[in-house]
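What follows is a predicted protein model with its sequence.
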Amino acid sequence: MNRYDAIIIGTGQAGPSMAERLAKAGMSVAVVERARFGGTCVNNGCTPTKTLIASAYAARLARTAADYGVEIAGPVKVDMARVKARKDALVDRSRKSVEEWMRSLPNTTVYQGHARFVAARSVKVGADTLTAQHVFIDVGGRPYVPDFPGVNGVPYLTSDSMMDVDFLPEHLVIVGGSYVGLEFGQMYRRFGSSVTVVEMGPRLIGREDPDVADAVRDILVAEDIDFRLDAKCVALEAAERGVRVKLQCDAGAPAVSGTHVLLAVGRRPNTDDLGLKEAGIEVDAHGYIKVDDALHTSAPDVYALGDCNGRGAFTHTSYNDYEIVADNLLSGASRKVSDRIPIYALFTDPPLGRVGMNEAEARGAGCDVLVGQLPMTQVSRAREKGETQGFMKVLVDAKSQRILGAAILGLGGDEVVQSLVDAMYGHLPYTVVQHGVRIHPTVSELIPTILGELAPLRSKVTASDAKEK
Ligand SMILES: Cc1cc2nc3c(=O)[nH]c(=O)nc-3n(C[C@H](O)[C@H](O)[C@H](O)COP(=O)(O)OP(=O)(O)OC[C@H]3O[C@@H](n4cnc5c(N)ncnc54)[C@H](O)[C@@H]3O)c2cc1C
């Protein structure tokens, strides 16, 4: 029996920082990792995809160089082996640094293997049984593979196996028109593949406002990505040169054939093989560990952090989970998950930065919603850079004057949107942001202009109106 003050299962985005904070507070800590140190973000998520997106951006810029008066002799070629090698080098460096970090912590023992509860606060890893006063579960998730008819009879890719691709698929069919599917779609189109995105819903990125989703689609259609929406009954079968995806769409041919198919239809938590029942830890219908607002599970002194608790699906939400738990446990704070304002990005080019509520959520919360918006064609920095796609939209509550949310689809949208979040956390009236002076020429400098032209949501200009301006 190996006794510790704390056991941490998983080295994703919450576990390593939690381990460091506890170890430096003098607690004895066991860290367990069954696969690669750093988890999804480092190995299969943020780091590799954003590195690949950078290569795709370079290819796009090279192809459009003439628009900027720059000549490139001969056709632009993408060397997929080198693209992958660049990605692998960055990932390897990050993974190694997480592992070295864990192994160098004081009071900490690292176990490599699969952890499984055998009782409350008692975990088996290989031949070792570990017990502790506190257990922190940070096991993350993995790609969800739906039981589409035929799925087991064909080769398919997931966001994990895409990391091993070092060749150019001739025609990549992507099932799933949400964040992961669209990032891969634009990336591979820019590398040179034909790309078809199949989406079961009536529009892409279903949690976004329709004008935002339509504008994202227009941007991708302009790069010759094909979309098949309303694909209600997806089925897969082998085709002569790859895979045929049957769709039964309301419109268009009933199937699309490609050389490769990527399934990007969501993720599921890594909780089915953790022995949670033995520890009295409850999960919901989708396998997410049930937690309260301070991330306690249903078992005393056991916490669930990161994607596995279903309260966030991002690196920054997982890291914030760590901050909440550590501050409450070690600094006597009373931080809560419900104080967190949703913020995230879709890393297409241009990116979509999102914070707070969308229109439907703002209306649903009973707010008297004002909206301000501006097409990126009216942003001088965007014109100067030749990147005028998209638009910006900010929602404000007429009564409280607080900023409710924003969607910034355009040049630097992932950064620009963050210029609103401090005012939101500070519960400041929007006029504070409106009256602040910003640098020219930037995209952010137009945020005060948008806030100076707020109008009731019902008389809002649509994205297509905006495009015609
Ligand atoms: C393609 C893709 C792109 C993404 N891009 C972004 C992005 O740009 N920005 C962003 O914020 N988020 C992004 N995400 C999401 C982000 O990667 C995750 O939200 C984040 O990694 C979640 O971290 P986590 O702490 O929950 O656990 P994870 O990072 O998933 O790590 C969990 C760890 O636990 C280990 N583990 C699991 N079970 C056990 C067990 N029983 N015993 C021992 N170890 C175990 C796993 O091996 C893994 O190392 C992306 C995800 C994907 C798939």
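Structure received.

Tell me the gap between stretch 179-197 and the middle of its chain.
Averaging C-alpha positions (Cα atoms, centre = their mean, to the nearest Å) puts stretch 179-197 16 Å from its chain's average.

Kindly report the same for stretch 119-129.
Counting by Cα atoms, centre = their mean, stretch 119-129 comes out at 32 Å from the chain centroid.

quick one: it near the ligand?
No: using Cβ under 6 Å from any ligand atom, stretch 119-129 stays clear of the ligand, coming no nearer than 7.4 Å. (Glycine included, C-beta is placed from N, CA and C.)

residue contacts, the residue most central in space within the chain?
Here the mean C-alpha position of the chain is nearest to the C-alpha of Phe314 (Cα atoms, centre = their mean), at a distance of 5.3 Å. For Phe314, the contact set (Cβ atoms under 8 Å, 6 or more residues apart in numbering) comprises Tyr344.

Strands of the stretch 101-250 of the chain, residue ranges please.
For the stretch 101-250 of the chain, the strands defined by DSSP state E, counting those that start in this stretch occupy 108-112, 115-119, 122-125, 128-137, 141-143, 171-175, 194-198, 226-228, 235-239, 242-246.

Tabulate these (CSV), appending distance to Cys308, mean neighbour count and mean pLDDT.
Formatted as CSV, these follow (distance: least, Cβ to Cβ, whole Å; neighbours: other Cβ atoms under 10 Å; pLDDT from 0 to 100):
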stretch, distance to Cys308, mean neighbour count, mean pLDDT
strand 108-112, 19, 18, 98
strand 115-119, 13, 18, 97
strand 122-125, 15, 20, 98
strand 128-137, 6, 21, 98
strand 141-143, 7, 19, 98
strand 171-175, 24, 26, 98
strand 194-198, 28, 24, 97
strand 226-228, 32, 20, 96
strand 235-239, 29, 16, 93
strand 242-246, 30, 21, 91
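
and the chain, which of its residues are near the ligand?
9-14, 32-35, 39-41, 44-46, 49-50, 114-115, 138-141, 159, 180, 270, 274, 306-308, 313-316, 318, 347.

mind listing which of these are in helices?
Using DSSP state H, Gly39, Thr40, Cys41, Cys46, Thr49, Lys50, Val180, Thr315, His316, Ser318 are the members of those that sit in helices.

Buried ones among those?
Gly39, Thr40, Cys41, Cys46, Thr49, Val180, Thr315, Ser318 (16 or more other Cβ atoms under 10 Å).

The last one touches Ile137, doesn't it?
No: under the criterion of Cβ atoms under 8 Å, Ser318 is not in contact with Ile137, lying 11.7 Å apart.

Residues that sit against both of these two, list them.
Leu305.

What ranges in this protein fall below the confidence cut-off?
Across the chain, the ranges flagged by pLDDT under 70 are 1, 249-251, 459-469.

sorry, back to before: save the strands of the stretch 101-250 of the chain as a markdown table, and put in distance to Ala85 too.
A markdown table is the format used below for these (distance: least, Cβ to Cβ, whole Å):
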| stretch | distance to Ala85 |
| --- | --- |
| strand 108-112 | 26 |
| strand 115-119 | 33 |
| strand 122-125 | 34 |
| strand 128-137 | 35 |
| strand 141-143 | 24 |
| strand 171-175 | 20 |
| strand 194-198 | 23 |
| strand 226-228 | 30 |
| strand 235-239 | 31 |
| strand 242-246 | 26 |
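
if we can go back for a sec, closest to the ligand out of the ones in helices among the residues of the chain next to the ligand?
The nearest member of those to the ligand, counting by Cβ to the nearest ligand atom, is Gly39 at 2.4 Å.

For the closest one, which non-adjacent residue is closest in space?
Gly12 (3.1 Å; Cβ to Cβ, 6 or more residues apart in numbering).

and if you look at Ile439?
Glu445 (6.3 Å).

so the one you found makes contact with Gly436?
No: the pair Glu445 / Gly436 is not scored as a contact, 10.0 Å apart, by Cβ under 8 Å.

Out of these two, name the residue with the larger neighbour count.
Shown here are Glu445 and Gly436; by other Cβ atoms under 10 Å, Glu445 has more neighbours (17 against 13).

Could you measure from that one over to Ala382?
Per Cβ to Cβ, to the nearest Å, Glu445 is found 11 Å from Ala382.

And for Asp92?
36 Å.

How about Ile219?
Distance from Ile219 to Ala382, counting by Cβ to Cβ: 13 Å.

Likewise for Pro146?
As for Pro146, its distance to Ala382 is 39 Å (criterion: Cβ to Cβ).

same deal with Glu282?
49 Å.

More neighbours: those two, which one.
Ala382 (23 against 12).

Am I right that that one is in a helix?
Yes: remark: Ala382 belongs to a helix, assigned using DSSP: H, G, I helix; E, B strand; the rest coil.

Let me see the backbone angles for the closest residue to the ligand within the stretch 1-150 of the chain.
Closest contact between the stretch 1-150 of the chain and the ligand, by Cβ to the nearest ligand atom, is at Gly140 (1.9 Å). Gly140 adopts backbone torsions of phi 60, psi -150, taken as degrees, to the nearest 10.

who's in contact with it?
Gly10, Gly12, Gly39, Thr40, Pro269, Asn270, Gly306, Asp307, Cys308, Ser318.

Look up how far Pro202 lies from Phe37.
Taking Cβ to Cβ, one finds Phe37 at 41 Å from Pro202.

same deal with Leu262?
Plainly put, Leu262 is 21 Å away from Pro202 if you go by Cβ to Cβ.

what does Leu295 give?
35 Å.

More neighbours: which of these two?
Leu295 (25 against 11).

correct me, but the more buried one touches Leu305?
Yes: with contact defined as Cβ under 8 Å, Leu295 counts as touching Leu305 (6.1 Å).

Tell me how many other residues surround Gly126.
Residues near Gly126, counting by other Cβ under 10 Å, number 11.

Distance check, Asp147 against Val234.
11 Å.

Then Leu409?
Separation of Leu409 from Val234 (Cβ to Cβ): 28 Å.

next one: Phe167
25 Å.

Settle it for me: which of these two has more neighbours?
Val234 (23 against 10).

Report the contact partners of the residue nearest to that one when sequence neighbours are not counted.
Sequence neighbours aside, Phe148 is the residue nearest to Val234 in space, at 5.1 Å (criterion: Cβ to Cβ, 6+ apart). The contact partners of Phe148, taken as Cβ under 8 Å, 6+ apart, are Val175, Val234, Ala235, Leu236.

With Ser55 instead?
Contacts for Ser55 (Cβ under 8 Å, 6+ apart) come out as Val78, Val83, Arg86, Lys87, Phe191.
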